[in-house]
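# Sequence plus the predicted model coming up.
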Amino acid sequence: MHIGMVGLGKMGGNMRQRIEAAGHTVTGYDTNPEISDVASLAELAEALPAGSRVVWIMVPAGAPTLTVLEELATRLGAGDLVIEGGNSYYRDDQTNAAMLAERGIGYIDAGISGGVWGREYGYGTMVGGSAEDVERAMPIFDALRPDGPREEGFVHAGGVGAGHFSKMVHNGIEYGLMQAYAEGYEIIASRSDLVPDVAAVLRAWQRGTVVRSWLLELLVDALEGDPGLASVDDYANDSGEGRWTLEEAIDNAVPAPTIAAALFARFASRQEQSPAMKAIAALREEFGGHAVRRADER
Ligand SMILES: O=C(CO)[C@H](O)[C@H](O)COP(=O)(O)O
């Protein structure tokens, strides 16, 4: 197949290489002219066969994705297909698909997991859209997914939105798993008098144990590269998927305390001081006369 790829950053650029390694042709567009094959989205559309163009969008979620979609709506036409591969909110997919459908342009939302390692190991791929559109793009999905049985690295999860919905929940789980490993790491590290090499314990968990996983391997790699994670600040950002997962849990009255705690722990990491903990310390003093550590005693 010959497809267009919009966004050639660390995800799109690597995905392009994996698609090409499988024998397909990719014409790429990026706002960075040094890595772009064409100068504009208009040129990208011209480089592909009209009426059967497939264009994969791999740019940051939100405004950048919407900007590309709005321009592609004017550059593509009936019979063409857009695959949106960023971490977009699944309800936005439904709006975007309706906007493109008015022009006869198909739409697939693709949740992609694999990070910077995906080029080598393949990308776990979750898609939403019509059976016809998904079938048409299947050679590309097959190129991207990990080697092995298709159903263990790819799913056509449902209609438009189902791919990004599945990826959103995947990322919510990611929050909870990372938080559990991080807390376990801190508890072991707090007893360096008893266990002097925390990384050795985590490394030993990589085989045979019930908590072995790729995230655990990555944590061991990080600790081996930077013992004690000395160069990393204790500040954790989030890109929105954990929040959306929790909004969905609330809307459907699904208890999700682990994912909620993991998200709130990230919020706490961004505070220099905690107004809530100040209030707790002040209240303990008010009702019980309990000692308060003053701000200048830090
Ligand atoms: O999709 C991913 C991994 O599966 C991204 O790395 C993820 O979006 C990072 O999310 P956050 O910034 O919220 O931790």
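Good, I have the coordinates. Residues are numbered from 1 along each chain as shown.

# from here on, contacts and neighbour counts on C-alpha atoms
Noted.

# heading toward the C-terminus, what's the first helix or strand past the helix or strand harbouring residue 136?
Using DSSP states H and E, residue 136 maps to helix 131-144. Note on helix 131-144: by DSSP H and E, the next helix or strand toward the C-terminus is strand 154-158.

# which strands and helices sit next to that following strand?
For strand 154-158, the packing partners by 3 or more Cα pairs under 8 Å, 6 or more residues apart in numbering; DSSP states H and E come out as strand 124-128, helix 162-189.

# quick one: which of the ones you listed is nearest the ligand?
Nearest of the helices and strands packed on strand 154-158 to the ligand, taken as Cα to the nearest ligand atom: helix 162-189 at 5.5 Å.

# Just the angle for the closest one relative to strand 154-158, thanks.
120 degrees (axes from the mean of the first three to the mean of the last three Cα atoms, to 10 degrees).

# Pull up the residues of this protein that are close to the ligand.
The chain has residues 113, 115, 171, 237-241 near the ligand, with proximity defined as Cα under 6 Å from any ligand atom.

# Now, those residues that are in helices?
171, 241 (DSSP state H).

# For burial, what's the neighbour tally of the closest residue to the ligand within the stretch 1-150 of the chain?
Minimum separation of the stretch 1-150 of the chain from the ligand (Cα to the nearest ligand atom) falls at residue 113, amounting to 4.7 Å. For residue 113, the count of nearby residues is 20 (other Cα atoms under 10 Å).

# That one bridge partners, please.
For residue 113, the beta-bridge partners are residue 124 (DSSP bridges).

# Am I right that residue 167 is in contact with residue 111?
Yes. Using Cα atoms under 8 Å, residue 167 is in contact with residue 111, at 5.0 Å.

# who's more crowded, these two?
Neighbour count, other Cα under 10 Å: between residue 167 and residue 111, residue 111 has more, with 28 against 25.

# quick one, phi/psi of the more buried one?
Main-chain torsions, residue 111, degrees, to the nearest 10: phi -90, psi 130.

# so it sits right up against residue 126, yeah?
Yes. Between residue 111 and residue 126 there is a contact under Cα under 8 Å: 4.9 Å.

# where do the helices sit along the chain?
12-21, 41-47, 63-75, 90-101, 118-121, 131-144, 162-189, 198-204, 214-225, 241-251, 257-269, 275-288.

# To residue 5, which of those helices lies closest?
helix 12-21 (7.2 Å; Cα to Cα).

# Restricting to C-alpha, output the closest one in CSV.
Listed next in CSV are the C-alpha coordinates belonging to helix 12-21 (Å, rounded to 0.1, in the frame of the first residue of the first chain):
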residue,chain,number,x,y,z
GLY,A,12,5.0,8.7,13.6
GLY,A,13,8.7,8.6,12.5
ASN,A,14,9.2,5.1,14.0
MET,A,15,5.8,3.8,12.8
ARG,A,16,6.7,5.0,9.3
GLN,A,17,9.9,2.9,9.4
ARG,A,18,8.0,-0.2,10.6
ILE,A,19,5.4,0.2,7.8
GLU,A,20,8.1,0.6,5.2
ALA,A,21,10.0,-2.4,6.5
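
# Quick one: residues contacting residue 20.
residue 26 (Cα atoms under 8 Å, 6 or more residues apart in numbering).

# Distance of it relative to residue 173?
31 Å (Cα to Cα, to the nearest Å).

# cool, residue 159 as well?
For residue 159 relative to residue 173 (Cα to Cα), the value is 22 Å.

# and stretch 15-26, which residues are buried?
Under the neighbour-count criterion of 16 or more other Cα atoms under 10 Å, stretch 15-26 has 15-20, 24, 26 buried.

# and what of stretch 155-174?
Buried, per 16+ other Cα under 10 Å, within stretch 155-174: 155-158, 160-174.

# what does stretch 241-255 give?
Buried residues in stretch 241-255 (16+ other Cα under 10 Å): 241-246, 248-249.

# Let me have these in TSV, extended by pLDDT.
TSV is the format used below for these (pLDDT from 0 to 100):
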residue	pLDDT
241	95
242	97
243	98
244	98
245	98
246	98
248	98
249	98
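
# quick check, nearest of those to residue 44?
Nearest to residue 44 among the buried residues of stretch 241-255, with distances taken as Cα to Cα, is residue 241, at 30.3 Å.

# which residue sits closest to that closest one in space, ignoring its chain neighbours?
Leaving aside its sequence neighbours, residue 241 sits nearest to residue 168 (Cα to Cα, 6 or more residues apart in numbering; 5.3 Å).

# So for the one you found, what's the pLDDT?
Predicted confidence (pLDDT) for residue 168: 98.

# ok, it touching residue 243?
No. The pair residue 168 / residue 243 is not scored as a contact, 9.3 Å apart, by Cα under 8 Å.
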